[in-house]
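> Following is a predicted model, sequence given first.
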Amino acid sequence: MNALWSDEFETVLRTHLPLLAQEEEVDPDAALARLGLDSLGTVGLLVELEETFAIVIPDESLNAETFATPRSLWGTVDQLAKAQVR
């Protein structure tokens, strides 16, 4: 697992990346599309992240930049999850 994000995030992310080998490390800056994340997978990933972290990803964050890389996606999820705790 990667030290940049939680184990839960990586577990959810991996289930939506069909081109990422199970033993392969998740590169924080890898293009999610190159790892097999398509539009349908993005919707599934979005729903699962919202359920797992008890967050709602706002419409303004539903863009290519947010879902570009694991790092960019985790940045959004982490920020929203921390805001929920307050």
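Looks like it arrived, so ask away. Numbers count the residues shown, from 1 in each chain.

> Next up, the contacts around the residue nearest the centre of the chain.
In the chain, the C-alpha nearest the mean C-alpha coordinate belongs to Leu73, at 4.7 Å (C-alpha atoms, centre = their mean). Leu73 makes contact with 13, 32, 49, 66-67, according to C-beta atoms under 8 Å, 6 or more residues apart in numbering. Quick note: C-beta positions are derived from backbone N, CA and C, even for glycine.

> just these now: which is nearest Asp78?
Leu49 (10.8 Å; C-beta to C-beta).

> ok, that closest one touching Thr11?
No. If you go by C-beta atoms under 8 Å, Leu49 and Thr11 don't touch, sitting 10.9 Å apart.

> Which of those two has more residues huddled nearby?
Set Leu49 next to Thr11 and count neighbours by other C-beta atoms under 10 Å: Leu49 wins out with 22 against 12.

> what sits against that one?
Counted by C-beta under 8 Å, 6+ apart, Leu49 has contacts 9, 12, 55, 57, 73, 77.

> list the buried ones in stretch 12-20?
Within stretch 12-20, the residues scored as buried using 16 or more other C-beta atoms under 10 Å are 12-14, 16-17, 20.

> just stretch 33-51 next, same as before
33, 35, 37, 41-42, 45-46, 49.

> Quick check: the farthest pair among these?
Among the buried residues of stretch 33-51, Ala33 and Leu49 lie farthest apart (C-beta to C-beta), at 17.0 Å.

> Report the buried residues of stretch 79-86.
80-81.

> what does that stretch contact?
53-57.

> average model confidence for that stretch?
In this model, stretch 79-86 carries a mean pLDDT of 87.

> 786 is where my numbering starts, stick with that
Sounds good: first residue 786 from here, last item stretch 864-871.

> circling back: what about the residue nearest to the centre of the chain, distance to Ile840?
Per C-beta to C-beta, to the nearest Å, Leu858 is found 12 Å from Ile840.

> Off-centre distance for stretch 821-830?
Distance, stretch centre to chain centre, for stretch 821-830: 10 Å (C-alpha atoms, centre = their mean, to the nearest Å).

> ditto for stretch 851-869
7 Å.

> ditto for stretch 790-802
That offset, for stretch 790-802, works out to 7 Å (C-alpha atoms, centre = their mean).
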